[in-house]
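Chemist: The following block contains a protein sequence and its predicted model.
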There are 2 protein chains.
Amino acid sequence: MGDTRWLSAEEMRAWNAFLAASALLNRQLEQQLKDDSGLSHPQYEILVRLSAAPDGELRMTELANGLINSKSGLTYQVTQLEKAGLVRRRTCPTDVRGVYAVLTDAGRRRLEEAAPGHVAAVRAHLIDVLTPEQITAVADGLGEVTARLRALGR
Amino acid sequence: MGDTRWLSAEEMRAWNAFLAASALLNRQLEQQLKDDSGLSHPQYEILVRLSAAPDGELRMTELANGLINSKSGLTYQVTQLEKAGLVRRRTCPTDVRGVYAVLTDAGRRRLEEAAPGHVAAVRAHLIDVLTPEQITAVADGLGEVTARLRALGR
DNA sequence: CTCAGGTAGTTCGAATTCGAACCACTTGCG
DNA sequence: CGCAAGTGGTTCGAATTCGAACTACCTGAG
């Protein structure tokens, strides 16, 4: 193919900032969660999604979709959470293959304990650093990016 | 501690978009790089930094700073790159403990081959999806986020 | 009914990650 | 000089990741 359209200085600045912020923020939050409540970030995300779902349960596939992990990664993490008693597996009545991950009471409690610290960290390191206009730009722009990437994988 | 300042709907939108975009984009680029040129994203980043450095060489520590990886992770990746002949290790003359990672000719060639496809992917999935205003907002906002997070680790 | 093809989730092995412990060296201070 | 404290990198083991193969099941066309 023809000549490459390289990134302009401004585009480069955005790309580098995004890359670095993404890596550093992840590390920071991972650390904070682990220290503070013994959960990994993926685990926390799983609990959040479950707690937001009706009856605190979701099919494995629904959890995997829109989530960071591959299917096998999800299997692994749910197993970990199950060992910790924060989640339970329940076979789907209408489809024997299907599995629901169900949030236990202990899981809901654990999430409620972990949430304030986590939210505070997200605020401190990201949200409160941005102006309201930047927040909207990020929400709109990266929202569109996400939507398109999701569309690819389907 | 007092009451938690939860995220507003708009803040939530930004945070979720950021999280998802970061994960999906990483996966996408990882895939593209691996398929296209057999490099992992971390490896590509290392080559980029080396190629931008004077004489194509940097101290291990300088590479580790500002980079995604921990020190041990860097050791691992440089070893991989060395096996592939893309990078060489050179002991620092003035400090026997110090090690330079040096880009080889093969490494520079490999990077030149890989770059166009990578840049095209970054464009397609991120840059060209954003408006110029959003690019600036991301560069400014996340740049500040990055700067603060870097300051913490020092 | 029956079989082909798709779907749900798990298992497997290989690669990569991290932090903690470790070695070897350098530096600064007496 | 001589030793305590710090630095630069590597090594180690444990945890986590992924994709590919696999098992078991459902579904629809004929």
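Modeler: Here it is on my side, so go on. Numbers count the residues shown, from 1 in each chain, chains lettered A, B, ... in the order given.

Chemist: Secondary structure element holding the residue most central in space within chain A?
Modeler: The centroid of chain A falls nearest to A:Glu45 when counting by C-alpha atoms, centre = their mean (4.6 Å). With secondary structure defined by DSSP states H and E, A:Glu45 is part of helix A:41-52.

Chemist: Pairing partners for whichever helix or strand comes after that helix, with directions?
Modeler: Remark: after helix A:41-52, the chain's next helix or strand is strand A:57-59, criterion DSSP H and E. Pairing partners of strand A:57-59, with direction, according to DSSP bridges: strand A:99-103 (antiparallel).

Chemist: what element comes up after the partner strand heading to the C-terminus?
Modeler: For strand A:99-103, the following helix or strand on the C-terminal side (DSSP H and E) is helix A:105-125.

Chemist: quick check, the helix holding A:Glu45 touching DNA strand D?
Modeler: Yes: contact of helix A:41-52 with DNA strand D is found when judged by C-beta under 7 Å from any atom of the strand, involving A:Pro42. From N, CA and C alone the C-beta is placed, and that goes for glycine too.

Chemist: Return the set of buried residues in that helix.
Modeler: Buried residues in helix A:41-52, counted by 16 or more other C-beta atoms under 10 Å in any protein chain shown: A:41-47, A:49-50.

Chemist: Repeat that for stretch A:94-104.
Modeler: A:99-104.

Chemist: can you tell me which of those residues are up against DNA strand C?
Modeler: Answer for the buried residues of stretch A:94-104 near DNA strand C (C-beta under 7 Å from any atom of the strand): A:99-100.

Chemist: show me the contacts for A:Thr91.
Modeler: With contact taken as C-beta atoms under 8 Å, 6 or more residues apart in numbering or on different chains, A:Thr91 is in contact with A:98-100.

Chemist: and if you look at A:Glu144?
Modeler: By C-beta under 8 Å, 6+ apart, the contact set of A:Glu144 is B:129-130.

Chemist: what's the closest non-adjacent residue to A:Leu130?
Modeler: B:Gly141 (4.5 Å; C-beta to C-beta, 6 or more residues apart in numbering or on different chains).

Chemist: now the buried residues of helix A:41-52 as JSON lines including pLDDT?
Modeler: As requested, these are exported to JSON lines (pLDDT from 0 to 100):
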{"residue": "A:His41", "pLDDT": "95"}
{"residue": "A:Pro42", "pLDDT": "95"}
{"residue": "A:Gln43", "pLDDT": "96"}
{"residue": "A:Tyr44", "pLDDT": "96"}
{"residue": "A:Glu45", "pLDDT": "95"}
{"residue": "A:Ile46", "pLDDT": "96"}
{"residue": "A:Leu47", "pLDDT": "97"}
{"residue": "A:Arg49", "pLDDT": "95"}
{"residue": "A:Leu50", "pLDDT": "96"}
